[in-house]
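Trainee: Quick one, fold the following:
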Amino acid sequence: EVQLQASGGGLVQAGGSLRLSCAASGFTFDDYAIGWFRQAPGKELEGVSAIAGSDGSTYYADSVKGRFAISRNNSRKTVFLQMNSLNPDDTAVYYCNAKGGLTTYWGQGTLVTVSS
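Mentor: Numbers count the residues shown, from 1 in each chain. Alright, predicted model coming up:
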């Protein structure tokens with residue numbers, strides 16, 4: 001059974017930090033790029049960051065560049081999203097997904113709330 005378990009969300013004050021984790025099982029983790037997406041209330045789903053499975057190359061949305069850092073530990077089948085200098089605009093449900101070839105898996109979300 002394929003599982004993507006996102007965790008680490010919570011309530012934090014503006015300027016604070018959180019680290020999200022996405023733990024995977026049930027598929028060949030190294031072969032998949034892992035991405036983080038978020039959806040704020042009343043807004044569309046937004047791609048935040050991603051990391052390739054092959055060479056570890058990374059992508060960041062302009063809105064989070066310089067504040068967020070994505071990393072992966074293939075032996076633990078886990079991807080991390082370190083989020084620093086959080087602001088209220090970062091408030092959203094954060095989802096991770098795994099994409100390999102034509103296959104995409106989604107995990108459940110974790111809520112991040114940033115208070116001003």
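
Trainee: quick one: pLDDT of the closest residue in space to residue 67 that isn't next to it in sequence?
Mentor: Excluding its sequence neighbours, the residue lying closest to residue 67 (C-beta to C-beta, 6 or more residues apart in numbering) is residue 85, at 4.6 Å. All C-beta spots, glycine's among them, are computed from the backbone N, C-alpha and C. In the predicted model, residue 85 carries a pLDDT score of 98.

Trainee: next one: residue 101
Mentor: pLDDT, residue 101: 89.

Trainee: From residue 28, how far off is it?
Mentor: Distance of residue 101 to residue 28, given as C-beta to C-beta, to the nearest Å: 11 Å.

Trainee: And those two? Which one has more around it.
Mentor: Between residue 101 and residue 28, residue 28 has the larger neighbour count (other C-beta atoms under 10 Å), namely 11 against 7.

Trainee: Just to check, residue 13 is in contact with residue 115?
Mentor: Yes. At 5.4 Å, residue 13 counts as touching residue 115 under the criterion of C-beta atoms under 8 Å.

Trainee: Could you spell out the sheet neighbours of the helix or strand in which residue 24 is found, each with its direction?
Mentor: If you go by DSSP states H and E, residue 24 is part of strand 18-25. With DSSP bridges as the test, strand 18-25 is paired with strand 3-7 (antiparallel), strand 78-83 (antiparallel).

Trainee: Average pLDDT for it, rounded please.
Mentor: Confidence for strand 18-25, expressed as mean pLDDT, is 98.

Trainee: Would you mark the buried spots in it?
Mentor: Buried positions in strand 18-25, judged by neighbour count with 16 or more other C-beta atoms under 10 Å: 18, 20, 21, 22, 23, 24.

Trainee: out of those, who's nearest residue 91?
Mentor: Minimum distance to residue 91 across the buried residues of strand 18-25 is 11.3 Å, recorded for residue 18 (C-beta to C-beta).

Trainee: If we ignore the residues flanking it in sequence, what's nearest that closest one?
Mentor: Counting by C-beta to C-beta, 6+ apart, residue 83 is the residue found nearest to residue 18 once chain neighbours are left out, at 5.0 Å.

Trainee: re earlier: ramachandran angles for the residue nearest to residue 67?
Mentor: Main-chain dihedrals, residue 85, degrees, to the nearest 10: phi 50, psi 50.
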